[in-house]
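S.K.: Got a predicted structure here, sequence first:
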Amino acid sequence: MKINCILSQNLNFSSILNTPYETLIYLNSFGKDIKEKNFNVCSKYLDKNNIVSEIKSKASDNMLLELSKKFSESIYPILCIRCRLSDPIKKNIDYLYKKHKELHEIDYLTMLSYVLNDRGEKFIKTSSVNDKKFKKPFNWRSLSIITSNNLYPFSAKIIKTFNKKLSSLDTWTTHQIKSETSLKKYLVKCNLRLQSDWSLIADTSTKRILEACKEFNTLKINNDEIISLHKSYLINYKKAKAAYKKKYGRISGWVPNQAFINTLNPKQSTLDNLECIAAAIRKYEKGLKSPESMPSIKQFLLEKKYEASSNEDQIKEERQIYLIKKLSKELAKDTLEIIFKKEKIIWLRDKDRKLAWQLYSKGYSQRDIAKKCNHKQGWVSKLLKEKTLAEKISLKTALKLKDLKEFKGMKTSPLEIDKVINSLIEYITKRQSNKNTSILQDTVNYLIKK
């Protein structure tokens, strides 16, 4: 099912808007469809307690939360809140997916599975110290005695931790989604970090910042000044965050003000250098030695050969980099799949060939593969044909790129195509800076396990 269809699936959204405390939106147990469920018991409970339910409001939210605590054995006030939360949970994921899908290979339903997992059960699932699963009624009494880390579904965590003095329920939901560990881990695997520039700088070592700035340097300060700036930033960041938490009761939402900027060394008048550092870190961690650092491709982007206007340069460049990475990986997989159909048949009678490919996929050199397989290095080279494979994949990728509007300048220059092919060969065969393997070796590893 196409994502666009899923995003606007046949849910009666008008009824959801009119009955936010009675209608639950959820991802089904197979994780493939978004459903809705109406609870008549909620309607009766809302009517009985004279709670306005046609629109969501702070007054209704607070009244239901107060009732849930006052009558802590009842599951109904909590159920009304769970229904009311399902809409902003979905909308938050909708927003994140639409915002990042072009530049990151993220899956909409997978993202939903981490947070839209409340199906309206009467019991709450948790685990004891010895990891044995048990159920308790989904009411405030159960929430109050179970630690937040052991709560499931995700809506239970929101209700348990919500403090009306600090924010609205919608804002709190957004904060909780951005800090949900399982979702963040998934997004990190997709090279997407839901992290502010300010916490990113604080969480990154000075060594990595220097490496990032070397790769993607737009700063007008030298390395010694970068080191000094980061050191003073860390000292003052901890103090500022502690003061912010004391004042507002939370750590999310903090941004540097002028008073904070004035404490930095060397002296800063704006956030420009800090923002440049954060941008460099994000680019560096997105791919480390990625296509944008290839000399010929970097030159194309800098020269704006693909007609990006001045205010669109960054977006255009990110789109070009994304396409290079995406197509090269896809075509590497397609090319190798054809080869491996035949190879896997041969492996049944020749175990050495299988071992050679396995070792190659783990990053072993051809010399080491030859030793472990008791063959000469020439045998390994003839079997793997790494250079030939890389050339074939790079050619296919370059030909695909030239037909895209983002790379239309390539059509008029065969010489530029050759340069891109050579850069792509280096990109897919060179060991990745954050791994012991190349993209080509990772693809082989994937197909061996498939």
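M.R.: Thanks, I have the structure now. Residues are numbered from 1 along each chain as shown.
S.K.: Test for you: state the pLDDT assigned to the nearest residue to residue 151 once chain neighbours are set aside.
M.R.: Nearest residue to residue 151 in three dimensions, chain neighbours excluded: residue 157, at 5.0 Å (CB to CB, 6 or more residues apart in numbering). The C-beta positions use only the backbone N, C-alpha and C, and glycine is treated the same way. Looking at residue 157, its pLDDT is 91.
S.K.: Repeat that for the one 3 residues further on.
M.R.: You'll see residue 160 listed with a pLDDT of 92.
S.K.: what helix or strand is it on?
M.R.: Taking DSSP states H and E as the criterion, residue 160 maps to helix 154-161.
S.K.: how big is the angle separating the helix or strand just after that helix from helix 154-161?
M.R.: Next in sequence after helix 154-161, counting helices and strands by DSSP H and E, comes helix 169-178. When axes from the mean of the first three to the mean of the last three CA atoms, to 10 degrees is applied, the directions of helix 169-178 and helix 154-161 differ by 120 degrees.
S.K.: Run through who's touching helix 169-178.
M.R.: 58, 61, 81, 84-85, 88-89, 92-93, 96, 115, 154, 157-158, 161-163, 166-167, 183-184, 194, 250, 252-253 (CB atoms under 8 Å, 6 or more residues apart in numbering).
S.K.: Please pick the buried ones from those residues.
M.R.: Neighbour-count burial (16 or more other CB atoms under 10 Å) is assigned, among those, to 61, 81, 84-85, 88-89, 92-93, 96, 115, 154, 157-158, 162, 167, 183-184, 252.
S.K.: Please flag which of these sit within helices.
M.R.: Those of the buried ones among the contacts of helix 169-178 mapping onto helices are 61, 81, 84-85, 88-89, 92-93, 96, 115, 154, 157-158, 183-184, per DSSP state H.
S.K.: out of the residues you listed, which one sits closest to residue 417?
M.R.: Relative to residue 417, the closest of those is residue 96; by CB to CB it sits at 36.4 Å.
S.K.: pLDDT at the residue nearest to the closest one when sequence neighbours are not counted, what is it?
M.R.: Spatial nearest neighbour of residue 96, excluding adjacent residues (CB to CB, 6+ apart): residue 111 at 6.8 Å. At residue 111, the model reports a pLDDT of 94.
S.K.: hang on, isn't residue 111 packed against residue 186?
M.R.: Yes. Using CB atoms under 8 Å, residue 111 is in contact with residue 186, at 7.1 Å.
S.K.: So for these two, which sits in the more crowded spot?
M.R.: When residue 111 and residue 186 are compared for neighbours, residue 111 comes out ahead with 21 against 17, by other CB atoms under 10 Å.
S.K.: need the longest helix for this structure.
M.R.: For the chain, the longest helix by residue count, based on DSSP H, is helix 313-347.
S.K.: for that one, what is the average pLDDT?
M.R.: Here the average pLDDT along helix 313-347 is 84.
S.K.: Buried ones in that helix, by neighbour count?
M.R.: Going by 16+ other CB under 10 Å, helix 313-347 has these buried residues: 316-325, 327-329, 331-333, 335-336, 340, 343, 347.
S.K.: Could you do stretch 232-250 as well?
M.R.: Across stretch 232-250, burial judged by 16+ other CB under 10 Å covers 232-233, 236-237, 240, 244.
S.K.: which residues sit in contact with the residue positioned nearest the centre of the chain?
M.R.: Centre of the chain computed as the mean C-alpha position; nearest residue by CA atoms, centre = their mean is residue 187, 2.1 Å away. Neighbouring residues of residue 187 by CB under 8 Å, 6+ apart: 104, 106, 111, 193-194.
S.K.: So which of those are in helices?
M.R.: Of the contacts of residue 187, the ones assigned to helices by DSSP H are residue 111.
S.K.: Find the helix or strand that the nearest residue to residue 19 once chain neighbours are set aside is a member of.
M.R.: In space, residue 19 comes closest to residue 53 once its chain neighbours are excluded; the distance is 6.5 Å by CB to CB, 6+ apart. Using DSSP H and E, residue 53 maps to neither a helix nor a strand.
S.K.: Surely residue 53 is in contact with residue 22?
M.R.: Yes. Between residue 53 and residue 22 there is a contact at 6.4 Å, judged by CB under 8 Å.
S.K.: shared neighbours of the two, which are they?
M.R.: 43, 46, 80.
S.K.: list the contacts for the second one?
M.R.: The contact partners of residue 46, taken as CB under 8 Å, 6+ apart, are 21-22, 53, 80.
S.K.: Can you tell me how far the residue nearest to residue 96 is from residue 170?
M.R.: 18 Å (CB to CB, to the nearest Å).
S.K.: Repeat that for residue 383.
M.R.: Here the distance between residue 383 and residue 170 works out to 59 Å (CB to CB).
S.K.: Check residue 262 too.
M.R.: Taken as CB to CB, the spacing of residue 262 relative to residue 170 amounts to 34 Å.
S.K.: Same check on residue 228?
M.R.: Counting by CB to CB, the gap from residue 228 to residue 170 is 41 Å.
S.K.: go on, residue 197?
M.R.: Distance of residue 197 to residue 170, computed by CB to CB: 24 Å.
S.K.: ok, now residue 370?
M.R.: In this view, residue 370 and residue 170 are 62 Å apart by CB to CB.
S.K.: mind listing the helices in the stretch 351-450 of the chain by residue range?
M.R.: Taking DSSP state H, counting those that start in this stretch to define them, one finds helices in the stretch 351-450 of the chain at 351-361, 366-373, 377-384, 386-402, 414-429, 439-449.
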